[in-house]
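1. heads up, no residue letters with this:
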């Protein structure tokens, strides 16, 4: 527990000042660092024992992220080129056909899972009141996780998705959704007064559900890869992917919602 608290404090000491004082570029650089660390974690999980895959996937994911954020006209081209690169990796550097296919497809999936999804965080930051929208995503996600944890411990009986995450329950999910909506309403009151209550409630619910799906998706990947944590860089918490799995899904959904309703 102590290691979890210390790690959380250190993480917040990095993230919060970057959000408050780093501007859009600070968020872009912070996410770029997260992409590189997450690429290392993903490569070690998805293709264990193939150390050459680590720099290869870091380069491919870094290129996709950089293009999407700083040269969006080249985003699709960078994704296509990176996909070709990882499929050539599986074709030429893996001597067994079935293994080569598995390596290539797992690496290709990582190109969508990590850099494309993370790229929506700085894109949200570019909205008018982008900093407040970022805090809305974070508060909704964190309160949703916290509410689900305590509600699940106190009331949890009905399994939510046992084959992927045995500890999650419907009672916990409902408690998390309530906490997420409260968080969205707090941010609406404090930082987004022009946002309607209906939008605040809908964002709380939708982002919470998105975060739960993101959490379950990473659990699915880890079970498939046969690992417990994505990494070790955050003692008591696992890896970067373990900490941002919910945000990977909630940030794109937030961007879509805000853009669709012209809220940003």
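-> Yep, it's here. It should be emphasised that the depicted structure is a prediction, and the values quoted were computed from it without experimental measurement.
2. Report the distance from the helix or strand hosting residue 255 to the chain centre.
-> Secondary structure from DSSP states H and E places residue 255 in helix 240-260. On the basis of C-alpha atoms, centre = their mean, to the nearest Å, helix 240-260 is displaced by 6 Å from the centre of the chain it belongs to.
3. And stretch 59-69, by the same measure?
-> A distance of 16 Å separates the C-alpha centroid of stretch 59-69 from that of its chain, computed with C-alpha atoms, centre = their mean.
4. now swap in stretch 207-223 and tell me
-> 9 Å.
5. Which positions within it qualify as buried?
-> Counting neighbours by 16 or more other C-beta atoms under 10 Å, one finds that the buried residues in stretch 207-223 are 207-219, 221-222. For glycine as for every other residue, the C-beta is placed from the backbone atoms N, C-alpha and C.
6. number of nearby residues for residue 56?
-> By other C-beta atoms under 10 Å, the residues close to residue 56 number 21.
7. what pLDDT does it get?
-> At residue 56, the predicted lDDT confidence score is 93.
8. Can you tell me the element it falls in?
-> Per DSSP H and E, residue 56 falls inside helix 53-70.
9. Which other helices and strands does that helix contact?
-> Under the contact criterion of 3 or more C-beta pairs under 8 Å, 6 or more residues apart in numbering; DSSP states H and E, the helices and strands touching helix 53-70 comprise helix 23-46, helix 75-93, helix 97-111.
10. Try it again at 6 Å.
-> helix 23-46, helix 75-93 (3 or more C-beta pairs under 6 Å, 6 or more residues apart in numbering; DSSP states H and E).
11. Which elements pack onto the last one?
-> In terms of contacts (3+ C-beta pairs under 6 Å, 6+ apart), helix 75-93 is packed against helix 53-70, helix 97-111.
12. List the buried residues of it.
-> 75, 78-79, 82-83, 85-87, 89-90.
13. Out of those residues, which is nearest to residue 125?
-> Here the nearest of those to residue 125, counting by C-beta to C-beta, is residue 75; it sits at 17.1 Å.
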